[in-house]
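J.: Mind looking at a prediction? Sequence and model below.
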Amino acid sequence: MNKYEQQISELMAKMNLDQMVGQLVQPERQFVTPEQVKKYHIGSVLSGGGSVPGNNTPEDWIAMNDEYWAASMEADEDHLAIPIVYGVDAIHGNSNVTGAVVFPHNIGLGAARDPDLMERIAKATAREIAVTGVEWTFAPTLAVVRNDHWGRTYESYSEDPKIVSEYAPRFIAGLQGDFGEESVIACAKHFVGDGTTVHGIDQGDAQIDEAELRRLHIPPYQAAIEAGVLTIMASLNSWNGLKCHEHRYLLTDVLKDELGFKGFIVSDWDGIDCLSEDFGKAVELGLNAGMDMFMVTEKWQEFIEHAKLLVLAGRVPRKRLEDAVRRILRVKFEFGLFDKPRPAERKLSKQTEIFGSREHREVAREAVRKSLVMLKNEETLLPLEKNARILVAGKNANNRGHQCGGFTVNWQGATSNEEIPGGQSIWEGIQSLAPGAILSENLDGNEANPDEHDVAIVVIGEMPYAEMLGDVRVPGLLQEYTTFPNSTPIPIDDTEVAEVYATNLYLHEMHPEDITTIENIRARGIPVVTVMVCGRPLVVEKELDASTAFVVAWLPGSEGHGVADVLFGDFDIQGKLSISWPKYDNENWNIGDPDYNPRFPYGFGLQYNKSKSSGKSS
Ligand code: BGC
């Protein structure tokens, strides 16, 4: 990244303090106008999950970013033409936008064990982002999840850093490509230790020693930096009591100096707010720790005031400010932003038919097929015959919203078919391959009748959630939990517990309706294939016992058809657990743990009996 240094120096020589500080700022779109982008020399704008322009069509996105861009590029005596960069959470496809192809969440991709597929997914995603005139996605998530209670478990490829480190460079290559018309800027997140907090509490404390941090959580970032990732997001969690957002050792000494990261570090959503009650102090801590760009969604004007005062007072060294600005400009030059036409004039903006295209859907459908993991197949029930008399039931059978999970159209995800136009629900996929199949009227399987049905497919599992609202938190276990010497106990009260997804990992307690549906049908002597939609491994002893066959579909996204492809043996089943499967909600889950005692070990995944299956491998 050296070839632009001279140009950057020349540009910086013209910049005054306002213009420099403005580059550091990333407000959320609802809180900033194009006029303000120009007036305050804003460096970036973002959309939070579910924050969308107009009717949420690609055209609406192009129009919005075009205005921001134009404002940033209007040069006059007070303002220099420096393009803004617009960021979105395209973490499984450009899934904020209605009609996008929604890919399986990362946990399913980990089971696919296919780095080449990652690059193709990322390419398709980059195209669907570029079509909307947007340049930057906060992806991939490189968390190495070590506790399934974490509400963001599904954003992680694996509990094993090997898989994450193998996928990271391919995903980044797919997104960033040659920095051309079909490329976007990638952002590896969240640095670091987000997947290893005590009890899996989102934004909690990672209480591990440095050797463990380096062994498990840093390698994916090393791989990402080697692959040329242009940006990295700091994590909202702490490491042994100190927030990553103020962790100078992690952000500056390790990430920049030791690992040689030359792009810029962006803070997470209002992440500096919790560094101090005094916002000025928080700005100072963040800047001096090595943060370059600040996702200050609403309070960005206050940020600007504080940052300027801090630099003028010498509390933030001028060279630190200049380093941050240089890094941001470096990314903008490197990605070719200065040479790109305004969003409305870009090549892909004129090809909106690419958005949600058949070609992209095919990649997603392949990913669904490859991510399925079979835990049980008694009596070689699977694959099913297409002409069998099939009853399909379960609350997740015909709900494209549910099967997409969080970060889809809304931050917390969608709950209906209508919100996800263009794909198929799992039921719709089944119906297209087995036209004689019947959908249970109330999804509860009450009409099951052995004279009419040879087999049932019951689609069960979790419903969408995101971030801390997806946490599983066990009340009582939460008080003052600390294992690491010198760590600050985490104060968590029970009111927070009430807002999270569940209080334990047992599916029959979390969603009792699921076991009821399975047992309902099984009691009538009909074999049941259970398909589970879920963002993490759950304790499913009862559901497993009651089912004849059991397949984990994770959060497959919009292309539910891929599930049917495999259930009917058009393709073999091949997914392998990238995350160990628990038997109880209180044990050692992860490969390599002392007394490792999973229900299904890391790497587990049954395949069809080759002699029975006519399936080809995808
Ligand atoms: C999440 C990030 C996300 C950001 C922007 C935060 O709450 O932690 O992963 O990129 O919001 O939406």
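T.: Good, I have the coordinates.

J.: Return the residues of the stretch 151-300 of the chain in contact with the ligand.
T.: By C-beta under 6 Å from any ligand atom, the residues of the stretch 151-300 of the chain that approach the ligand are 189, 268-269. For the C-beta atoms, the positions are set from N, CA and C on the backbone; glycine is no exception.

J.: Which ones among those residues map onto strands?
T.: In strands, judged by DSSP state E, the following of these are found: residue 189.

J.: So which of the residues of the stretch 151-300 of the chain next to the ligand wins on neighbours?
T.: residue 189 (25 neighbours; other C-beta atoms under 10 Å).

J.: Over to the closest residue to it other than its chain neighbours. Which of the three states is it?
T.: Nearest residue to residue 189 in three dimensions, chain neighbours excluded: residue 233, at 3.6 Å (C-beta to C-beta, 6 or more residues apart in numbering). With DSSP: H, G, I helix; E, B strand; the rest coil as the basis, residue 233 sits in strand.

J.: Also the one 3 residues further on?
T.: Classification of residue 236 into helix, strand or coil gives coil, according to three-state DSSP.

J.: contacting residues for residue 360?
T.: 93, 101, 124, 127-128, 354 (C-beta atoms under 8 Å, 6 or more residues apart in numbering).

J.: now, among those residues, which is nearest to the ligand?
T.: Using C-beta to the nearest ligand atom, residue 93 comes nearest to the ligand of the contacts of residue 360, at 14.8 Å.

J.: Might you list the low-confidence residue ranges for the stretch 301-450 of the chain?
T.: Across the stretch 301-450 of the chain, nothing is flagged by pLDDT under 70.

J.: In it, mark out all the helices, start to finish.
T.: With helices called from DSSP state H, counting those that start in this stretch, the stretch 301-450 of the chain shows them at 318-334, 358-371, 400-404, 426-433.

J.: neighbouring contacts of the third one?
T.: Contacts of helix 400-404 from elsewhere in the structure, counted by C-beta under 8 Å, 6+ apart, are 92, 95, 102, 395-396, 408-409, 413-417, 419-420, 423-426, 461, 463-464, 533, 553, 555-558, 560.

J.: Keep only those of these that are in strands.
T.: Within those, residues falling in strands by DSSP E are 461, 533, 553.

J.: burial measure for the residue nearest to residue 189, as a count.
T.: By other C-beta under 10 Å, neighbour count at residue 233 equals 25.

J.: Verify the contact between residue 222 and residue 165 for me.
T.: Yes - between residue 222 and residue 165 there is a contact under C-beta atoms under 8 Å: 7.4 Å.

J.: Among these two, which residue is more densely surrounded?
T.: Neighbour totals were compared for residue 222 and residue 165, and residue 165 leads with 21 against 18 (other C-beta under 10 Å).

J.: Skipping its backbone neighbours, what lies nearest the more buried one in space?
T.: Nearest residue to residue 165 in three dimensions, chain neighbours excluded: residue 223, at 4.3 Å (C-beta to C-beta, 6+ apart).

J.: Which per-residue confidence value corresponds to the one you found?
T.: Residue 223 carries a pLDDT score of 98 in this model.

J.: For PyMOL, write a command that selects the buried ones of the contacts of helix 400-404.
T.: Only the buried entries of the contacts of helix 400-404 go into this PyMOL selection, using 16 or more other C-beta atoms under 10 Å:
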select buried, resi 92+95+102+395+396+408+409+413+414+415+417+419+420+423+424+425+426+461+463+464+533+553+555+556+557+558+560
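
J.: Tell me which residues touch whatever residue of the stretch 151-300 of the chain ends up closest to the ligand, please.
T.: Per C-beta to the nearest ligand atom, residue 269 is where the stretch 151-300 of the chain lies closest to the ligand, at 3.7 Å. When contacts are counted by C-beta under 8 Å, 6+ apart, residue 269 touches 48, 236, 295, 297.

J.: Does the residue nearest to residue 189 have any beta-bridge partners, and if so which?
T.: residue 266 (DSSP bridges).

J.: ok and the residue in the stretch 451-600 of the chain nearest the ligand?
T.: Sorted by distance to the ligand under C-beta to the nearest ligand atom, the residues of the stretch 451-600 of the chain start with residue 467, at 5.8 Å.

J.: Next up, the contacts around that residue.
T.: Counting by C-beta under 8 Å, 6+ apart, residue 467 touches 151-152, 202, 406, 411.

J.: Quick check: nearest residue in space to residue 41, chain neighbours excluded?
T.: residue 22 (2.9 Å).

J.: Could you report the pLDDT at that neighbour?
T.: Per-residue confidence (pLDDT) for residue 22: 98.

J.: Helix or strand: which one has it?
T.: helix 17-23 (DSSP states H and E).

J.: State the mean pLDDT of whatever helix or strand comes next after that helix.
T.: Following helix 17-23 in sequence order, the next helix or strand is helix 34-39 (DSSP H and E). Mean pLDDT, computed over helix 34-39, is 98.

J.: in helix 34-39, what's buried?
T.: 34, 36-38.

J.: again with stretch 575-590
T.: 575-582, 585, 589-590.

J.: Of all those residues, the one with the weakest confidence?
T.: Here the lowest pLDDT out of these sits on residue 589, with 82.

J.: Give me the residues contacting the strand or helix carrying residue 108.
T.: Residue 108 belongs to helix 106-112 when assigned by DSSP H and E. Under the contact criterion C-beta under 8 Å, 6+ apart, helix 106-112 has outside partners 91-92, 103, 117-118, 121, 140-141, 145, 153-158, 163-164, 167, 367-368, 370-373, 535-536, 552-556, 574-579, 605.

J.: Let's see that with 6 Å instead.
T.: Residues from elsewhere that reach helix 106-112 (C-beta atoms under 6 Å, 6 or more residues apart in numbering): 154-158, 163, 370-371, 373, 554, 575-576, 578.

J.: Toward the C-terminus, what is the element adjacent to the helix or strand of the chain with the lowest mean pLDDT?
T.: Among the helices and strands of the chain, helix 494-499 carries the lowest confidence by mean pLDDT, DSSP states H and E, at a mean of 50. With elements assigned by DSSP H and E, the helix or strand that comes after helix 494-499 is helix 507-510.

J.: Can you name every helix or strand that whatever helix or strand comes next after that following helix contacts?
T.: Note on helix 507-510: by DSSP H and E, the next helix or strand toward the C-terminus is helix 512-522. Contact analysis of helix 512-522 by 3 or more C-beta pairs under 6 Å, 6 or more residues apart in numbering; DSSP states H and E lists strand 455-461, strand 528-533, helix 541-546 as its packing neighbours.

J.: right, and residue 198 touches residue 207 too?
T.: Yes - using C-beta atoms under 6 Å, residue 198 is in contact with residue 207, at 5.5 Å.

J.: Quick one: neighbours of residue 246, just the number.
T.: 25.

J.: give the contact list for it.
T.: With contact set as C-beta under 6 Å, 6+ apart, residue 246 has these partners: 275, 285, 289.

J.: where does it sit relative to residue 311, distance-wise?
T.: Residue 246 sits 18 Å away from residue 311, going by C-beta to C-beta, to the nearest Å.

J.: one step back: would you mind finding the most buried of the helices of the stretch 301-450 of the chain?
T.: Sort the helices of the stretch 301-450 of the chain by mean neighbour count, taking mean count of other C-beta atoms under 10 Å, and helix 400-404 sits at the top with a mean of 29.
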